[in-house]
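> what follows is a predicted structure for the sequence shown.
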Amino acid sequence: MQEKLEFLLALAREKHFGRAAQVCGVSQPNLSAAIKQLESTLGVPLVDRGARFLGFTPEGERVLEWARRIVGDMRAMHADVETMKLGLKGHLRIAAIPTALPVIYKLTSAFWLRHPGIKISIASHTSTEVLSLLENLEADAGLTYLDNEPVGRVAEVPLYRERYYLVTPGNGKFAGRASVTWEEAATVPLCLLTPDMQNRRIIDRIFKEAGVVAEPVLESSSIVVLATHLRAGVLSTVMPRAMAEELAMPNGIVAIPIVAPDVSTLIGLVVAKRDPQPPLTAALIAEARMLAPALSTMT
């Protein structure tokens, strides 16, 4: 049964029978036959079929929810037993929003000091993608916003608050200023993350509340692209304080607090709700809780 549910989850992720079969390491006919056997066992159609994959039936969507829970619990059980036999080992997959990437090393470094030898993969994703990856068992944990948009059915560990700074040439329009307003920040040439990023949606909302519209001359989904353009000394950006500090901007670039209003958003670790948690995830949660007081001072 677990194998058939794994096939169903792969189909939900890939939305294509051929790609799902490839991911699962089986032929497409075998994957299709397994899903049909699952439909026969349950007595309901799960997949809308045509010349290609068309989606899931209402019954299929409900079964998907159960499949995620069952497969997740089975994987957690196997990991728990392996840990009892061999100690904490394995691979931890973390999905993080771009603005958390310069900070995440604080968590992973502390984790490795306590649990050396664990392999960790970190991937940059939008906040929506972070939650989707957790739901579909493609990530073990995520770093994302906790208090701006719904985060779904996850367990949360609050870590720190993002406060926003204008990162700008020190000899530019706001030379020597101790702070700027959001209205003032909208008057300089800006490079910002793309609108699919929650950070950008937060910034756009604050600008709107301040009565202005920021029209960036450059948009990118990559923090690296923004940072390299800042080095030219022409553009400015709006960044969390922690990111501006960790990126180690060159001389001549300064970070000025943005006020009126002074806004912050909460960043935290999120994991799928499961009790007990898989051993690696539980260890990461414990480390995050211990580290949170130190991270909170970044604001």
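Cool, got the structure. Numbers count the residues shown, from 1 in each chain.
> strands along the stretch 1-150 of the chain, start to end?
Along the stretch 1-150 of the chain, the stretches classed as strands by DSSP state E, counting those that start in this stretch are 47-49, 53-56, 91-96, 119-124, 141-145.
> for those, which one sits closest to Thr228?
When those are ranked by distance to Thr228, counting by CB to CB, first place goes to strand 119-124 at 16.0 Å. Yep, even glycine has a C-beta here, placed from its N, CA and C like the rest.
> what's the angle between that closest one and strand 141-145?
Interaxial angle, strand 119-124 versus strand 141-145 (axes from the mean of the first three to the mean of the last three CA atoms, to 10 degrees): 30 degrees.
> can you list the strands that strand 119-124 pairs with?
Neighbouring strands of strand 119-124 in its sheet, by DSSP bridges, are strand 91-96 (parallel).
> residues contacting the strand it pairs with, please?
If you take CB atoms under 8 Å, 6 or more residues apart in numbering as the criterion, strand 91-96 is touched by 104, 108, 111, 118-125, 129-130, 133-134, 138-144, 280-281, 284.
> count of residues packed around His91?
His91: 10 surrounding residues under other CB atoms under 10 Å.
> which non-adjacent residue is nearest Ser221?
With CB to CB, 6 or more residues apart in numbering as the measure, Thr194 is the residue that lies nearest to Ser221, at 4.9 Å, once sequence neighbours are left out.
> what subset of the contacts of strand 91-96 is buried?
When the contacts of strand 91-96 are checked for burial by 16 or more other CB atoms under 10 Å, the buried set is 104, 108, 111, 118, 120, 122, 124-125, 129-130, 133-134, 139-144, 280-281, 284.
> rewinding a little: format the strands of the stretch 1-150 of the chain as TSV; extra columns: distance to Glu162 and mean pLDDT.
Compiled in TSV, those are given as follows (distance: least, CB to CB, whole Å; pLDDT from 0 to 100):
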stretch	distance to Glu162	mean pLDDT
strand 47-49	41	85
strand 53-56	36	86
strand 91-96	13	96
strand 119-124	16	95
strand 141-145	8	95
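> can I get those in a markdown table with distance to Glu82?
Below are the strands of the stretch 1-150 of the chain laid out as a markdown table (distance: least, CB to CB, whole Å):
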| stretch | distance to Glu82 |
| --- | --- |
| strand 47-49 | 33 |
| strand 53-56 | 32 |
| strand 91-96 | 12 |
| strand 119-124 | 14 |
| strand 141-145 | 19 |
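> out of the ones you listed, nearest to Arg274?
Taking CB to CB as the criterion, Arg274 comes closest to strand 141-145 out of the strands of the stretch 1-150 of the chain, the separation being 11.6 Å.
> could you say what helices and strands that closest one packs with?
strand 91-96, helix 101-114, helix 127-135, helix 198-209, strand 264-272, helix 279-295 (3 or more CB pairs under 8 Å, 6 or more residues apart in numbering; DSSP states H and E).
> would you reformat the ones you listed as TSV and include distance to Arg163?
Converted to TSV, the helices and strands packed on strand 141-145 look like this (distance: least, CB to CB, whole Å):
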stretch	distance to Arg163
strand 91-96	19
helix 101-114	13
helix 127-135	18
helix 198-209	11
strand 264-272	5
helix 279-295	13
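> which one, of these, ends up nearest to Ala10?
Across the helices and strands packed on strand 141-145, closest to Ala10 is helix 127-135 (CB to CB), at 13.9 Å.
> so which residues make contact with the closest one?
Here helix 127-135 makes contact (CB under 8 Å, 6+ apart) with 68, 95-97, 125, 139, 141-145, 149, 151-152, 154, 196-198, 270-272.
> could you redo the last one with a cut-off of 7 Å?
Residues from elsewhere that reach helix 127-135, judged by CB atoms under 7 Å, 6 or more residues apart in numbering: 68, 95, 97, 125, 139, 142, 144-145, 149, 151-152, 154, 198, 270-272.
> now, among the residues you listed, which is nearest to Phe56?
Proximity to Phe56 was ranked across these by CB to CB; first place goes to Arg68, at 12.8 Å.
> so who does that closest one touch?
By CB under 7 Å, 6+ apart, Arg68 lies in contact with Leu9, Glu135, Asn136, Leu137.
> residue contacts, Gly211?
With contacts taken as CB under 7 Å, 6+ apart, Gly211 has the following neighbours: Glu183.
> ok so it is a strand residue?
No: for Gly211, which was evaluated using DSSP: H, G, I helix; E, B strand; the rest coil, the result is coil, with no strand membership.
> distance of it from Ala20?
49 Å (CB to CB, to the nearest Å).
> confidence score at Phe150?
If you look again at residue 150, you'll see it is Pro, not Phe. Per-residue confidence (pLDDT) for Pro150: 68.
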